[in-house]
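K.L.:
Dropping the sequence and predicted coords here.
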Amino acid sequence: MEKIAKDVGDIQSRLLDHRPVINAEVRYFVREFEEKRGHRESRLLENLDKMVVETNEQMLPANLDDVTKQLSDVIKRLEAANHMAERVQQRELEAQQNTQLQANMEQLKDEWADFLKEQQRLKEEVDEEHAKAVGQLSAKYNEKKKELAQLPFV
């Protein structure tokens, strides 16, 4: 009985506890994401640096008010661009997670279907063995009944 409970616990933990797999997938995704984003970020920073240098060379503001206005416009644009980039990153992350979750769910559904088929097969075997045992016992008791009927009672 203890072995069956242990087996059921193992089956339950394998079917329902996906934390180790999910943790490994998340670590892999974060590592890949950081490697791919690292180069993109440095290129973006280089491009921004070039744009700032070009802007400094091309624009010689007449007075401080113009500089302040242009700077606030640039900051607003950069904040808007940053916000848009964050939204795109979030969408990419969600899409990748959803794809991975769907693949995992499909795999789990297939495994569950196989498990149910196996359980049905085992149930049929047990039912067949039970029917055989009942038949054997019935035959044995009928034989004993006949033997008792033949014995003379004193």
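P.N.:
Alright, I've got the coordinates.
K.L.:
quick one: Phe33 from Gln102, how far?
P.N.:
Between Phe33 and Gln102 the computed distance is 19 Å (C-beta to C-beta, to the nearest Å). From N, CA and C alone the C-beta is placed, and that goes for glycine too.
K.L.:
which SS class is Pro152?
P.N.:
Secondary structure state of Pro152, per DSSP: H, G, I helix; E, B strand; the rest coil, is coil.
K.L.:
Now name the helix or strand holding the residue positioned nearest the centre of the chain.
P.N.:
Geometric centre of the chain, nearest residue: Leu101, 4.1 Å, by C-alpha atoms, centre = their mean. For Leu101, the host element (DSSP states H and E) is helix 64-150.
K.L.:
other SSEs contacting that helix?
P.N.:
In this structure, helix 64-150 packs against helix 2-16, helix 19-58, with contacts taken as 3 or more C-beta pairs under 8 Å, 6 or more residues apart in numbering; DSSP states H and E.
K.L.:
okay if I get the ones you listed as JSON lines plus mean neighbour count and mean pLDDT?
P.N.:
As requested, the helices and strands packed on helix 64-150 are exported to JSON lines (neighbours: other C-beta atoms under 10 Å; pLDDT from 0 to 100):
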{"stretch": "helix 2-16", "mean neighbour count": "10", "mean pLDDT": "68"}
{"stretch": "helix 19-58", "mean neighbour count": "11", "mean pLDDT": "77"}
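K.L.:
quick one: which of those is nearest Trp112?
P.N.:
helix 2-16 (7.1 Å; C-beta to C-beta).
K.L.:
and the helices and strands packed on helix 64-150 as a markdown table, adding distance to Gln70?
P.N.:
Output for those, formatted as a markdown table (distance: least, C-beta to C-beta, whole Å):
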| stretch | distance to Gln70 |
| --- | --- |
| helix 2-16 | 59 |
| helix 19-58 | 8 |
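K.L.:
For Leu93, find the nearest of those helices.
P.N.:
Of all the helices and strands packed on helix 64-150, helix 19-58 comes closest under C-beta to C-beta, at 7.8 Å.
K.L.:
Return the distance of the closest one from the chain's centre.
P.N.:
Centre-to-centre, helix 19-58 and its host chain are 25 Å apart (C-alpha atoms, centre = their mean, to the nearest Å).
K.L.:
what's the angle between that helix and helix 64-150?
P.N.:
170 degrees (axes from the mean of the first three to the mean of the last three C-alpha atoms, to 10 degrees).
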